[in-house]
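J.: Predicted structure and sequence below. I'll ask about it afterward.
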Amino acid sequence: MTALRTALRTAVPPVRHLSVDVDGVRVAYRESGPADGPVLLLLHGFPTSSHQFARLMDALGDTPYRLIAPDYPGSGRTEAPAGFTYTFERLADIVEGFADALGLARFALYVFDFGAPVGLRVAARRPERVTGLIVQNGNAYEEGLSDAARAFTGLRREVPGDEERVRGLFTAEGTRFQYETGVADTGLLSPDGWTLDVHYLGLPGRADAQADLAFDYASNVAQYPVWQSWLRSAGLPVLVVWGAGDPFFTPAGAEAYRRDVPDAEVHVFDGAGHFALETHLPAIAPLIAGFLAKLP
């Protein structure tokens, strides 16, 4: 029994749940790994928060990396002041300031969904900081937009009915849809993920914040050429892992990264949806560990 307890204590490094002030925003984040290790900055998507990386952080526990996953304003446990402007530019400002506050001079980036427009903005602003890029269902190409995603980017607050369509994604049914669509075996999905997201979406002001971001999403499509230019010029290692059944971002968006990074390592998983980590972590985690091991 003593040996078992020792093994359990040493098998997975503890995850610390911390917070730091960034420009008036109290940014909550989770962190594991050695304080002096190279950094992997994990940027979550919608409608979730840093909790989406909890199992991945455990799976990467034997790497030398310091794993850091913040919650954006409007998500998770982060507290933003009244009057905060919810745009993707402002989220990137906060993530950039977060990296400054923690003294992260260099880091690899993991971007998923909303994390792609946030992280790629930061990378294009501060290219000297980024050592490598991991993309998981994070789109940066027109061909990666499904018909549903194209329709979504065309929604406008001033058009009658569009706000109701946006807010339908914040319901329990809308959130569960995002987790389950395209998944071959929904029994592999823990309900804890989407039910926790529903909890955070129900906090005061959160639906309004997410609606603002939804109507700002078209600004990301306009930035695609900027991010593609950065990818071409940066010369960084890129790993792309993608759920083939994603209702928003199609596998064509995964393959498109090779256009600007010919040596990009691309893996598309049949039977996985938007939240590919939820069902295919055993296949994806070793790819990430191997990729990190090759970074400078």
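T.: All right, it came through fine. Numbering: from 1, shown residues only.

J.: contacts and neighbour counts: CA atoms only from here.
T.: Fine.

J.: Name the residues of the strand or helix carrying residue 152 that are buried.
T.: According to DSSP states H and E, residue 152 maps onto helix 147-153. Within helix 147-153, the residues scored as buried using 16 or more other C-alpha atoms under 10 Å are 150, 152-153.

J.: what's it packed up against?
T.: Using 3 or more C-alpha pairs under 8 Å, 6 or more residues apart in numbering; DSSP states H and E, no helix or strand is in contact with helix 147-153.

J.: CA atoms of the strand or helix carrying residue 282 as CSV?
T.: Counting by DSSP H and E, the element that carries residue 282 is helix 276-294. Output in CSV follows, covering the C-alpha atoms of helix 276-294 (Å, rounded to 0.1, in the frame of the first residue of the first chain):
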residue,chain,number,x,y,z
ALA,A,276,-10.9,15.8,-30.1
LEU,A,277,-9.0,15.6,-26.8
GLU,A,278,-12.2,14.4,-25.0
THR,A,279,-12.3,11.2,-27.0
HIS,A,280,-8.8,10.7,-28.6
LEU,A,281,-6.4,11.8,-25.8
PRO,A,282,-4.6,8.5,-25.8
ALA,A,283,-3.7,9.0,-29.4
ILE,A,284,-3.0,12.7,-29.3
ALA,A,285,-1.0,13.1,-26.1
PRO,A,286,2.0,11.0,-27.4
LEU,A,287,2.1,13.1,-30.6
ILE,A,288,2.3,16.3,-28.5
ALA,A,289,4.9,14.8,-26.2
GLY,A,290,7.0,13.8,-29.2
PHE,A,291,6.6,17.2,-30.8
LEU,A,292,7.7,19.0,-27.6
ALA,A,293,10.7,16.8,-27.3
LYS,A,294,12.0,17.9,-30.7
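
J.: What residues of it count as buried?
T.: 276-280, 284-285, 287-289, 291-292.

J.: next one: stretch 102-110
T.: In stretch 102-110, counting by 16+ other C-alpha under 10 Å, buried: 104, 106-110.

J.: Work out for me the element residue 30 sits within.
T.: Per DSSP H and E: strand 25-32 holds residue 30.

J.: After that strand, which helix or strand is next? Please name it.
T.: Elements were assigned by DSSP H and E; along the chain past strand 25-32, the next helix or strand is strand 39-43.

J.: That following strand packs against which elements?
T.: Strand 39-43 packs on strand 66-70, strand 107-112, helix 115-125, going by 3+ C-alpha pairs under 8 Å, 6+ apart.

J.: Nearest to residue 264, out of the ones you listed?
T.: strand 107-112 (14.3 Å; C-alpha to C-alpha).

J.: now the angle from that closest one to strand 39-43?
T.: 20 degrees (axes from the mean of the first three to the mean of the last three C-alpha atoms, to 10 degrees).

J.: got the angle between strand 107-112 and helix 276-294?
T.: Inter-element angle recorded for strand 107-112 and helix 276-294: 160 degrees (by the same axes, to 10 degrees).
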